[in-house]
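S.K.: Whatever this is, show me its structure:
(chains A and B)
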Protein chains: 2
Amino acid sequence: MTEQKLSDTSPVDLRGSAEPAALRGSAGPVAPGPGATAALWPLSPDQARLDPGGLLGQWQRRNAEDTLPHCVDNLHRAGNIGNLRAAAGESDAAFAGMWFADSDVHKTLEAAAWELGTSPGDGALRSFVEDTVALLARAQQADGYLNSYFTVVAPDERWRKPDWSHELYCAGHLFQAAVAAARTGVSPALVAVARRFADLLVERFGPDGVEEVCGHPEIETALAELYRLTGHRPYLDLARRFLDLRGRGLLGHGRFGPAYYQDHVPVREAREVTGHAVRQLYLLAGMVDVGVEAGDHVLLDAAERLWEDAVHRRTYVTGAHGSRHRDEAYGGPYELPADRAYAETCAAIASVHVNWRLLLATGRARYADEMERALYNAVAPAVSSDGRRFFYSNPLQLRTGHASSGEEEAARRLPWYSCACCPPNIARLMASLHGYLATAHDDGLQIHLYASGTVNAEVAGAAVQVDMRTEYPWQGRIELTVTAGTAVPWTLALRVPAWCDAYTVRIDGGPVMAPARDGYIRLTRVWAPGTTVVLDLDMPVRQVTAHPRVDAVRGCVALARGPLVYCLEQADLPPGTVLEDVRLDPAAPAVTAASAASDRGEGPADIPVMINIGGLVTQAGDSLYATGRRRERPGTPLTLTAVPYFLWGNRSEGPMRVWIPVATE
Amino acid sequence: MTEQKLSDTSPVDLRGSAEPAALRGSAGPVAPGPGATAALWPLSPDQARLDPGGLLGQWQRRNAEDTLPHCVDNLHRAGNIGNLRAAAGESDAAFAGMWFADSDVHKTLEAAAWELGTSPGDGALRSFVEDTVALLARAQQADGYLNSYFTVVAPDERWRKPDWSHELYCAGHLFQAAVAAARTGVSPALVAVARRFADLLVERFGPDGVEEVCGHPEIETALAELYRLTGHRPYLDLARRFLDLRGRGLLGHGRFGPAYYQDHVPVREAREVTGHAVRQLYLLAGMVDVGVEAGDHVLLDAAERLWEDAVHRRTYVTGAHGSRHRDEAYGGPYELPADRAYAETCAAIASVHVNWRLLLATGRARYADEMERALYNAVAPAVSSDGRRFFYSNPLQLRTGHASSGEEEAARRLPWYSCACCPPNIARLMASLHGYLATAHDDGLQIHLYASGTVNAEVAGAAVQVDMRTEYPWQGRIELTVTAGTAVPWTLALRVPAWCDAYTVRIDGGPVMAPARDGYIRLTRVWAPGTTVVLDLDMPVRQVTAHPRVDAVRGCVALARGPLVYCLEQADLPPGTVLEDVRLDPAAPAVTAASAASDRGEGPADIPVMINIGGLVTQAGDSLYATGRRRERPGTPLTLTAVPYFLWGNRSEGPMRVWIPVATE
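M.R.: Now for the predicted structure:
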């Protein structure tokens, strides 16, 4: 039995009806407090687990085994730890790296905390946490200030360059590390460090303090989280104050104008995402956090409006954000060049953060859809198969003869960057990934991401548990088994992704009518332990087209299957074939999904599902411009092989493209 | 009678056969010396004149009356003159502007020299020259060094930051100003200043000196010109040495890598233009100058090879260079985004310089074609109708909702820039524009650009003169009258532009068979004074398409007529119509050229010839991405009005596009 998914246009407005979960001893990255107006409640880290066999589980395991140790190594090697030693007066070493280098330490600490919160970890990671927390305490100034650059290099400049200094940005990441360390119980001591600094901020920037904001948003969401952890209201008030002080020109014009750091218009009035994409998205996260904690619907409405502008007019088909290299920024509407996509890894991570917050706040499936798209196609591509090399920028096309200038334009993943914001950011997301699978609510459990693993929650006062088994995203079949239930009915809600047009549901083997409503199938019953649900999402290959205003990809399609966007790589073309000359053949649209991973023998990248589709190689002469229509010569037919975009560049550095021109006859 | 132009594929290789003109008392911007291997000889400034009624003459007059005085004013206002006063010890004012601010003074001086060399000018311009030359002499250090920034601000840094300092770049512009002032007789005194500095350079950087090059090429072409003026061989040798020291990594990696400043490979081995486009093109100019003066065919071959890479793979349809904002650079092959075109005005000017040099060196029409394209469509658009506002960057598309960040991304021409390289660069080109019309050779006179004016030359020892009357580029009819001739036969060569497929020639009213060979019609006879030649170039509207590897404009055409590229502007659309929704209708290709300038009443921009063509307005729904082909709804038909691209943005700042999507049925 196949059900057509109902249109997901009207939101489930659960605001006000929500009864937020009480603050637990253990909580994940975003934990709305008792007074929050959240529609859904996150699970705590111990309520969700990813099996290491599934793709998300593999990512999390690789993160623990490779990415996290790699980050710790590089923090030592690149001098970030040395900077803090110097700030603590224990070293004379010259300051190394960016002036906001502390933030990489904080993000790695946060990642370590999430990791150690769910697994015993090895001694090295635990030592890193203990040593670094102690070092941070020693590097902290008597008044609570903590920033190695402004302590060691430029003490006279403290608080004097808010447009540029990243002081509050670094403080924010410290607070988020402290929140993670406290929620997981890994290092409650860091909270004391964070609070001393946060109290200094309240004193300096609070209601009676100076009117300033940070050029790089981040403190807003961090203060909201610190409030959630501590219940200390001045932190939330300060976050809100920082939000409301934007748009008054406090940061000055700067090199790229005030829209670069979202200081051109008050956040509540903003109608377009602008400027530096990571800054915009971190600011959005803060708007949602403050919005739900303060019951501030104007802020939440503004955040949703900005999300709509971003997702409907300025987001790549991969879910990536940022069209411009020059200022790492959003472009104009529909300005989405594939080859010059900036698509910064940190912006994709921030998009996951924002979408998760909006999902919790509203319960709307569109946020879960967008979170999934960004996770698989904008975050995941940044990491190499071995978990130790990373893209800073994630273009959707690499040309033959590509001209790289600078690290961020590298044609291959690099082990580290002089501005190393991305690797530890990946680490903290991957270490907490299980927290994004599902949510709970009074009436039941909602599954948002499909992965082999287990989720449990307290529903109507009783513990329920669901085991998931699936080869998602490679296959659309998801088997769920309720392994603990209650004697009262509750609702198991299963997301039907926006890309899915048809699916079936069986309970204990029998087909059921289960129309999706607002993006979710809702199955309500008294769930006896052992009951199985099989959701089978149709996963045909899709040819995706872009809005005609996206000039950059006119006449092209992107191949997608399930949540994955695919791409062509030079490695799969016959020798001598130039990728730019390849066309998709509309007359031979035979499309198959072939599973031929292990016998390809290309080394590290295991590719469970590839796409084969008819194509041809055209020839078009030499002249760059010519008068009149230029007929491409019919060209040689060939079978194109597309691979998941998130795996590109693991076999070679060769040219790649997501958008494939369709042959014109 | 209509002649089909013969294919222009084989070059006229006149190298070696040339007998260069002896150094005259008066010469133009590029004056190959007695030993040069030039194929054609430039005219001296007094041998060519533009009528103020023709378009080029209007530009030159506007330059004299508006742009040049505006530049002089702004040099005072922005502090450039003040910097030199401080360097002369006559002021305590703080240094203002960029560290290479002197170069704007030098370029304006050069422009003033060209202008005063052909017209009496007003007293103010002459005073500017006299005062500034005297000031430069006073600002010069005892050893010949002359640079206000490194004299006033950072004397200890002199010669210590070759990758960044622009010291030799500024010196080069000083030398070019001195050459212009000497050749025109406007201020021979400046040569002494230049030579003192140049002698210091020879001492420091010459055969026994340090091995260094400048991060911003310019000194190479300037030293070659100074050699041409003075006959002092060490200047040429130093220019050649600077060329040959590139590609050895002397400049280090820098922010964007060595290809950014063309230091990644020896210039003789380079096969691709790379990095900062202005630097690349200034370097190319130096390669050609040194190549012809030293008879260095390897250098010339390398220059022609790089030209081919640029023009066949990385040049906009407007003749503009530079695809990337981030590093003001060339991109990969076929990376030519319309909306994010950097297309710096200075790069277009440099392209005119390079093409003129290659034309003189080789006699190949392709260089004249490219010079013309760049002049009309890449240089001219930078200047407002009133001559007092300028684009720094010249995008081929401005979107609805365009996001500007910074001066170079402004949606409108600005009066001046914090980096004001472009306005005085325009001024020096426009002031010397008459020098680019024609060349001479032993066998006659060659006309490369068509404009109302007069050219004369010494041919086989006798003076010949040709008057031109034309409404070019608005109409293709050019009337030439030989007003002075000789008793021996000589050849009048007339360029048939590459865009022209058909033309007629009449002599004294009678049609003649005049097949173009290698891009030129060659008419050889004893020209009696009063003989008229009418060349009538067919000028239909052309629909230009780009190579299919140019992803950015797939499915689009650009409209062109004669040498002019056209564009659509929001100002010509019905209210409420979004430019991005407009399509060219292939089913209604009726094309007319309408002359309707004065009765449009849109203010300053007079538009003699517009193009009307059938189009339609489509609607495509809201979703940014969708599965399957997206059929654009048929849409409302409308007549599109295209205007010359060089005039865009004079009536409004609204959206604009050169490349127009063709409707798909």
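S.K.: for chain B, what are the nearby residues on the stretch 401-550 of chain A?
M.R.: Listed as neighbours of chain B in the stretch 401-550 of chain A under the rule Cβ under 8 Å from any Cβ of the partner chain: A:401-406, A:499, A:501, A:542-550. Placement of C-beta: from N, CA and C, glycine included.
S.K.: go on, the stretch 1-150 of chain A?
M.R.: Residues of the stretch 1-150 of chain A found near chain B (Cβ under 8 Å from any Cβ): none.
S.K.: so which helix or strand takes in A:Ala310?
M.R.: helix A:297-313 (DSSP states H and E).
S.K.: quick one: low-confidence ranges for chain A?
M.R.: Applying pLDDT under 70 to chain A picks out residues A:1-25, A:588-590, A:592-605, A:630-632, A:665.
S.K.: And it, what are its domain boundaries?
M.R.: A:41-397+A:406-436, A:437-537, A:541-661 (automatic domain parsing).
S.K.: so of the ones you listed, which one's packed in deepest?
M.R.: Most buried of those, by mean neighbour count (mean count of other Cβ atoms under 10 Å in any protein chain shown): domain A:41-397+A:406-436, with a mean of 22.
S.K.: end-to-end on that domain?
M.R.: Domain A:41-397+A:406-436 has an end-to-end distance of 11 Å (Cα to Cα, to the nearest Å).
S.K.: go on, stretch A:61-74?
M.R.: First-to-last residue span, stretch A:61-74, Cα to Cα: 19 Å.
S.K.: now it, how far from the chain's geometric center?
M.R.: Centroid separation for stretch A:61-74 versus its chain: 18 Å, with Cα atoms, centre = their mean, to the nearest Å.
S.K.: how about the strands in the stretch 401-550 of chain A?
M.R.: Using DSSP state E, counting those that start in this stretch, the strands of the stretch 401-550 of chain A run over A:438-441, A:444-447, A:453-459, A:462-470, A:477-484, A:490-495, A:502-507, A:510-511, A:520-525, A:532-537, A:541-546.
S.K.: Same list, those, but as TSV with distance to A:Tyr625 please.
M.R.: Formatted as TSV, those follow (distance: least, Cβ to Cβ, whole Å):
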stretch	distance to A:Tyr625
strand A:438-441	55
strand A:444-447	54
strand A:453-459	55
strand A:462-470	51
strand A:477-484	51
strand A:490-495	49
strand A:502-507	46
strand A:510-511	59
strand A:520-525	52
strand A:532-537	47
strand A:541-546	25
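S.K.: how much space between whichever residue of the stretch 151-300 of chain A sits closest to chain B and A:Gly215?
M.R.: Closest residue of the stretch 151-300 of chain A to chain B, Cβ to the nearest Cβ: A:Phe256 (4.0 Å). A:Phe256 sits 11 Å away from A:Gly215, going by Cβ to Cβ, to the nearest Å.
S.K.: In which helix or strand does the nearest residue to A:Trp307 once chain neighbours are set aside reside?
M.R.: In space, and not counting its chain neighbours, A:Trp307 is closest to A:Leu358: 6.4 Å by Cβ to Cβ, 6 or more residues apart in numbering or on different chains. Element membership for A:Leu358 (DSSP H and E) is helix A:345-362.
S.K.: any idea how far that helix is from the chain center?
M.R.: Computed by Cα atoms, centre = their mean, the chain-centroid distance of helix A:345-362 equals 6 Å.
S.K.: gap between A:His402 and A:Pro644?
M.R.: In this view, A:His402 and A:Pro644 are 21 Å apart by Cβ to Cβ.
S.K.: To clarify, my last question referred to A:Ala31.
M.R.: Distance, A:Ala31 to A:Pro644, using Cβ to Cβ: 33 Å.
S.K.: got it, and A:Glu304?
M.R.: Counting by Cβ to Cβ - A:Glu304 and A:Pro644 are separated by 30 Å.
S.K.: returning to that earlier point: what kind of secondary structure is the residue of the stretch 151-300 of chain A closest to chain B in?
M.R.: coil (DSSP: H, G, I helix; E, B strand; the rest coil).
S.K.: Disregarding flanking residues, what is the spatial nearest neighbour of it?
M.R.: B:Ser405 (4.0 Å).
S.K.: OK, contacts around the one you found?
M.R.: By Cβ atoms under 8 Å, 6 or more residues apart in numbering or on different chains, the contact list for B:Ser405 reads A:Phe256, A:Gly257, A:Ala259, A:Tyr260, A:Gly275, A:Arg324, A:Arg326, A:Asp327, A:Ala329.
S.K.: ok, now A:Leu200?
M.R.: Contact analysis of A:Leu200 by Cβ under 8 Å, 6+ apart lists A:Asp143, A:Gly144, A:Tyr145.
S.K.: residues from the stretch 251-400 of chain A in reach of chain B?
M.R.: By the rule Cβ under 8 Å from any Cβ, the part of the stretch 251-400 of chain A lying against chain B is A:255-257, A:259-260, A:272, A:274-275, A:311-313, A:315, A:317, A:324-327, A:329-335, A:337-340, A:397, A:399-400.
S.K.: on that earlier part again, to B:Glu130, which of the domains of chain A lies closest?
M.R.: Counting by Cβ to Cβ, B:Glu130 lies closest to domain A:41-397+A:406-436 out of those; the figure is 38.2 Å.
S.K.: Phi, psi for the residue nearest to A:Thr400 when sequence neighbours are not counted please.
M.R.: Leaving aside its sequence neighbours, A:Thr400 sits nearest to A:Pro655 (Cβ to Cβ, 6+ apart; 4.8 Å). Backbone torsions of A:Pro655, given as degrees, to the nearest 10, read phi -50, psi 150.
S.K.: Settle this for me: A:Pro655 is touching A:Pro395, isn't it.
M.R.: No: the pair A:Pro655 / A:Pro395 is not scored as a contact, 10.9 Å apart, by Cβ atoms under 8 Å.
S.K.: For A:Val617, give me its contacts.
M.R.: Here A:Val617 is in contact with A:Thr577, A:Asp581, A:Val582, A:Arg583, A:Gly635, A:Thr636, A:Leu638 (Cβ under 8 Å, 6+ apart).
S.K.: if I look at the fifth one, how far off is A:Leu616?
M.R.: The one in question is A:Gly635. Note on A:Gly635: its distance to A:Leu616, by Cβ to Cβ, is 4 Å.
S.K.: Now do the shared contacts for the two.
M.R.: A:Arg583, A:Ala663.
S.K.: is A:Val533 in a bridge, and if so with what?
M.R.: Beta-bridge pairing for A:Val533 (DSSP bridges): A:Leu480, A:Ile507.
S.K.: Roughly how far does it sit from chain B?
M.R.: 27 Å (Cβ to the nearest Cβ, to the nearest Å).
S.K.: Doesn't A:Phe197 lie inside a helix?
M.R.: Yes: per three-state DSSP, A:Phe197 lies within a helix segment.
S.K.: Run a quick check on it versus A:Gln141, I expect a contact.
M.R.: No: here A:Phe197 lies out of contact with A:Gln141, judged by Cβ under 8 Å, at a distance of 9.2 Å.
S.K.: ok, the residue nearest the centre of chain A to chain B distance?
M.R.: The residue lying closest to the centre of chain A (Cα atoms, centre = their mean) is A:Ile349, at 2.7 Å. Counting by Cβ to the nearest Cβ, the gap from A:Ile349 to chain B is 21 Å.
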